[in-house]
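Peer 1: Structural data only, the sequence is not supplied:
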């Protein structure tokens with residue numbers, strides 16, 4: 001089975017890191033993965049996105065025109081990727097800052113107040129972890145515990161003091177997605 005995921009938002013929202021965590025989780029659990037970053041010259045504040053493909057078999061090409069899953073962290077990302085999401089797919093939207101709604105009825109939509117969840121646990125910078133938690137709740141590519149383990153294994157040691165808060169944010173995103 002192959003799953004394609006686009007993570008998109010402003011630079012500084014942890015878009016690329018969220019994609020890396022997904023790719024690392026796949027690699028850590030024996031899957032074939034690709035991770036392709038893309039960002040404007042501005043980095044912080046500019047647009048950023050990455051495409052992650054996770055598969056049980058070799059991946060033919062890292063290009064994705066109709067992603068199975070879209071994680072839209074801001075309004076421009078919602079507007080760009082909402083029409084591209086594959087029918088039957090999933091779109092998780094950071095409803096803390098995206099005030100638009102999709103008219104599509106052929107995809108699973110999750111409006112997650114990711115920024116608000118992260119802020120509640122200490123820093124809006126962890127909102128990407130709320131999004132990953134919601135993804136695990138709606139499309140369990142991996143158990144949440146596997147994502148926790150990969151985050152811990154691949155987070156730089158200088159950031160390990162943030163692990164507990166990141167785990168709490170991820171769990172809160174998971175819980176919100178499951179109940180919604």
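Peer 2: Nice, thanks for sending it over. It should be emphasised that the depicted structure is a prediction, and the values quoted were computed from it without experimental measurement.
Peer 1: show me where pLDDT drops low in this structure?
Peer 2: The model of the chain has pLDDT under 70 over residues 40-46.
Peer 1: all strands of it, in order?
Peer 2: Counting by DSSP state E, the chain has strands at residues 2-10, 32-39, 47-55, 69-72, 90-94, 108-112.
Peer 1: for the longest helix along the chain, the distance to its chain's centre please.
Peer 2: Longest helix in the chain, counting residues (DSSP state H): helix 163-179. Distance of helix 163-179 from the chain centroid (Cα atoms, centre = their mean, to the nearest Å) equals 13 Å.
Peer 1: tell me which residues in that helix are buried?
Peer 2: By neighbour count on 16 or more other Cβ atoms under 10 Å, the buried set for helix 163-179 is 165-174, 176-177. C-beta coordinates here come from the backbone N, C-alpha and C atoms, glycine included.
Peer 1: which of those residues lies closest to residue 49?
Peer 2: Checking the buried residues of helix 163-179 against residue 49 by Cβ to Cβ gives residue 173 as the nearest, at 19.4 Å.
Peer 1: Disregarding flanking residues, what is the spatial nearest neighbour of residue 173?
Peer 2: Ranked by Cβ to Cβ, 6 or more residues apart in numbering and with sequence neighbours excluded, the top spatial neighbour of residue 173 is residue 133, at 3.0 Å.
Peer 1: ok, the one you found - contacts?
Peer 2: Counting by Cβ atoms under 8 Å, 6 or more residues apart in numbering, residue 133 touches 144, 147, 169-177.
Peer 1: Tell me how far it lies from residue 1.
Peer 2: 22 Å (Cβ to Cβ, to the nearest Å).
Peer 1: count of residues packed around the closest residue in space to residue 73 that isn't next to it in sequence?
Peer 2: Closest residue in space to residue 73, ignoring its immediate chain neighbours: residue 9 at 2.8 Å, by Cβ to Cβ, 6+ apart. Neighbour count for residue 9, taken as other Cβ atoms under 10 Å: 28.
Peer 1: ok, now residue 37?
Peer 2: For residue 37, the count of nearby residues is 14 (other Cβ under 10 Å).
Peer 1: how far away is the closest residue to it other than its chain neighbours from residue 68?
Peer 2: Distances taken as Cβ to Cβ, 6+ apart put residue 50 closest to residue 37, at 4.5 Å, once the chain neighbours are dropped. For residue 50, the distance to residue 68 equals 15 Å [Cβ to Cβ].
Peer 1: coming back round to it: include distance to residue 20 when you put the contacts of residue 133 into a markdown table, please.
Peer 2: As requested, the contacts of residue 133 are exported to a markdown table (distance: Cβ to Cβ, whole Å):
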| residue | distance to residue 20 |
| --- | --- |
| 144 | 17 |
| 147 | 12 |
| 169 | 17 |
| 170 | 15 |
| 171 | 20 |
| 172 | 21 |
| 173 | 17 |
| 174 | 19 |
| 175 | 24 |
| 176 | 23 |
| 177 | 21 |
